[in-house]
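In: Coordinates only, no sequence provided:
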């Protein structure tokens, strides 16, 4: 089965399980969560295991790299020793020949470990063997042996004069594996032969075996062409073979070291390999650490961890399974109990009343330990709190019935007699109801009285009885004798007409004279024509009779033929007169109200047939020249999606009993209007009841509201896009609009939606005293400017500009608006522009205008406080033109910047320096006496002379001349002139000195 299909079916089955069995669904959800957590734990465990293995692998690789480096250094030391021996022995041979070199060759054997050096051979330029230390130990015919066909001889014929390490070979004289170390014997630029030192492969292997004696971890020496030189564990198998050509040190000949993972071809073991090139020799020292051995401890720890975790998971699963079984059993029992309680509640809920327990305690307090849901319908209160006190029940009893009810309860409690009482209460919606309560009492062990009983609504019965009494009061009997043409009226009819003077029997014409002229024809047809046409049919009709006071009384007459002649003609009629004046008046009033209502009112039955509608409904919805009454609602094209629209709203109405919505409907012209529609079931208990709909045309209101919503959306969009903060308050001081920029600029953590509706004071409380002061309100002072802008330092080092604007119309204050903008960048630009305007761009010192401003300020301070000492230094770089002419203007600029740095660094913190132009500078020394000013000037002179400027043309030494003038008030030009005159005296006196103005420092 494809995975998507499996997942879809599994989801459907789980969903069905949740719907059908909540307990099982809950267990499935719990198990899913548990298994998800358990799976997450195992995933995390495996992830940590993988990380542990990775860490162990990295440590093993690092150890291998370090060991390979050490092995390479050790091998290099050994090979350098052999290189030195070959060079030393070759020089001996060339100087002393065989006889003089014999002792040196023997010492070379002793200088190396036993069996390390198998032999030392000397061959001439043609490869003939001239001498061999092997011949010292065994008889050897040298002429039979030569090395001309060996690689380690041929390589020197091509001019190689350094130490050459040849590939291992099995010696022809010794039968052992040998590594030849050869060097050319060159004298006076001519090749005289080759010296060959035959080193035992076992000797090279011995050092490797000392490092890794076992077969799992191995070390090897490999020539740069890939051939094995020595191997720690499989030396015999390795000799004469090469490593695979994909080894990194064969692929990249420039790389000096590295590592890789591979399976060895010699023994098939997976290892972590590291290699390092032997410094100074074409040899690679390589070693491999067995992956199984290196990771054995880690994998054992992981195996133990998995076993422990598996046992723990198994225990958790077992415990969870037991808990699930117990919880399922408990949940099933709870469900059974809940279903039993629900069945009881449904059973009691179907009773047309309320079952209850009522408790009268010995101290006189009351409570209802139990009451069915009917209490809310009967008494208009919920069961909450009635278990402690029944006071709320007695508060709903009609005042006229309360004492009688209490007396009946106490009488039943005293005699333990069944209780029965009829009383009135204010039920749900304060509707007055008649209730009948019945209960049987019992005495509790505590001495209280507990009733078990039932209360039901008898309002309809009481109303019917009252209506019967009222009907009997309005009902009068009449009898008409057609033969004598006289009508007998009883006393009740005479009372209706307020005519006690009439006889109990009058002629038909006298009776007809009392009928309203407009009703006489209808009344005469009812009394004379109808009985003759259909003797078995009852006589019925409405007409008006005049009372003695001239008032008209509406009468509903009913009667039937009680006697007829032999031909079946009526002879006597008997019936009743009922006063329906109030009913007719109410009907007329209702009709008048409906027809003059601005709302369209329609009554429909359950089949959506329109039973009745007022004139406004006819005007709006009736098709042209068609009465709306008698049509079905579906005959009117009220909505574009009518098939769904009508059933949807009627289903909602039947479910809730009433409905109040706003909806669009088409009128009889096809135009869509918006209506506020209120639907109501005439009988909320009957889903098939007639419904009454009241529809008020709110099209203008809806369009206005839609336009207002559109404007609000536009305003909100503008506020959100506004490059700053906006706060708007209405005329009552409540926040009506605020954007996110306002919250950000005033550092408010709350979102804008949370501030809506707050008062200005509540917002200020959130902002605190400092930030709330930013929201200035000029309108608080009626004499103040009505529009104001302030700049202030906001949060996070920002500069804010806050504009306040009033919202007014026709002289009426409608609210206020604050606009907050971040002007930090603008203020920073202004500051930078001010600095640029006052700063010399080359040296960074204040320019001439800025310095003269400082001088004016200093003169003002001295005039206010004559005791304050202030001096002016005029400085000029000696022979500056020579610097420009010699090195160029760029170097001259560097010298000027150097001089400015020295001047700045030699002054005190409150002294001020500036560049007046060219190579001329000035310094204003504040709060000094004459001696201190002169000492500062001389220190500056020495500092400049001792510190050359570092330029692109090299070090450039400069000196300066200084003129010192005392600032004692008066004209700045005079002070500058005195200092300038002293400066020129210093330049005329030989430069690189300080001169003091005579007039100012005397």
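Out: Received the coordinates, thanks. On a predicted model such as this, the values are computed, not experimentally measured, just so you know.
In: if we look at the helix or strand containing residue 655, which residues are touching it?
Out: Residue 655 is part of helix 642-656, with elements assigned from DSSP states H and E. With Cβ atoms under 8 Å, 6 or more residues apart in numbering as the test, helix 642-656 has contacts from 608, 633-634, 638-639, 659, 661, 663, 679-681, 687, 691. Backbone N, C-alpha and C define where each C-beta goes, glycine included.
In: Partner strands of the helix or strand following that helix and their direction?
Out: Next in sequence after helix 642-656, counting helices and strands by DSSP H and E, comes strand 658-666. Strands that pair with strand 658-666, judged by DSSP bridges, come out as strand 672-681 (antiparallel).
In: orientation of the partner strand relative to helix 642-656 in degrees?
Out: In terms of direction (axes from the mean of the first three to the mean of the last three Cα atoms, to 10 degrees), strand 672-681 departs from helix 642-656 by 30 degrees.
In: Report the buried residues of strand 672-681.
Out: Buried residues in strand 672-681, counting neighbours by 16 or more other Cβ atoms under 10 Å, are found at 673, 674, 675, 676, 677, 678, 679, 680, 681.
In: Do I have it right that residue 609 meets residue 634?
Out: No. Using Cβ atoms under 8 Å, residue 609 and residue 634 do not qualify as a contacting pair, with a distance of 9.9 Å.
In: Could I have the buried ones of the contacts of helix 642-656 as PyMOL selection syntax?
Out: This is the PyMOL syntax for the buried subset of the contacts of helix 642-656, where burial follows 16+ other Cβ under 10 Å:
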select buried, resi 633+638+639+659+679+680+681+691
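In: May I see the contacts of helix 642-656 arranged in JSON lines, with pLDDT and distance to residue 290 as well?
Out: Converted to JSON lines, the contacts of helix 642-656 look like this (pLDDT from 0 to 100; distance: Cβ to Cβ, whole Å):
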{"residue": "608", "pLDDT": "85", "distance to residue 290": "91"}
{"residue": "633", "pLDDT": "81", "distance to residue 290": "91"}
{"residue": "634", "pLDDT": "80", "distance to residue 290": "90"}
{"residue": "638", "pLDDT": "83", "distance to residue 290": "89"}
{"residue": "639", "pLDDT": "82", "distance to residue 290": "84"}
{"residue": "659", "pLDDT": "87", "distance to residue 290": "84"}
{"residue": "661", "pLDDT": "88", "distance to residue 290": "82"}
{"residue": "663", "pLDDT": "84", "distance to residue 290": "84"}
{"residue": "679", "pLDDT": "90", "distance to residue 290": "88"}
{"residue": "680", "pLDDT": "89", "distance to residue 290": "91"}
{"residue": "681", "pLDDT": "88", "distance to residue 290": "89"}
{"residue": "687", "pLDDT": "80", "distance to residue 290": "86"}
{"residue": "691", "pLDDT": "90", "distance to residue 290": "91"}
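In: Throw the contacts of helix 642-656 into JSON lines and include distance to residue 507, thanks.
Out: Formatted as JSON lines, the contacts of helix 642-656 follow (distance: Cβ to Cβ, whole Å):
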{"residue": "608", "distance to residue 507": "53"}
{"residue": "633", "distance to residue 507": "54"}
{"residue": "634", "distance to residue 507": "57"}
{"residue": "638", "distance to residue 507": "59"}
{"residue": "639", "distance to residue 507": "64"}
{"residue": "659", "distance to residue 507": "59"}
{"residue": "661", "distance to residue 507": "63"}
{"residue": "663", "distance to residue 507": "63"}
{"residue": "679", "distance to residue 507": "55"}
{"residue": "680", "distance to residue 507": "52"}
{"residue": "681", "distance to residue 507": "52"}
{"residue": "687", "distance to residue 507": "56"}
{"residue": "691", "distance to residue 507": "51"}
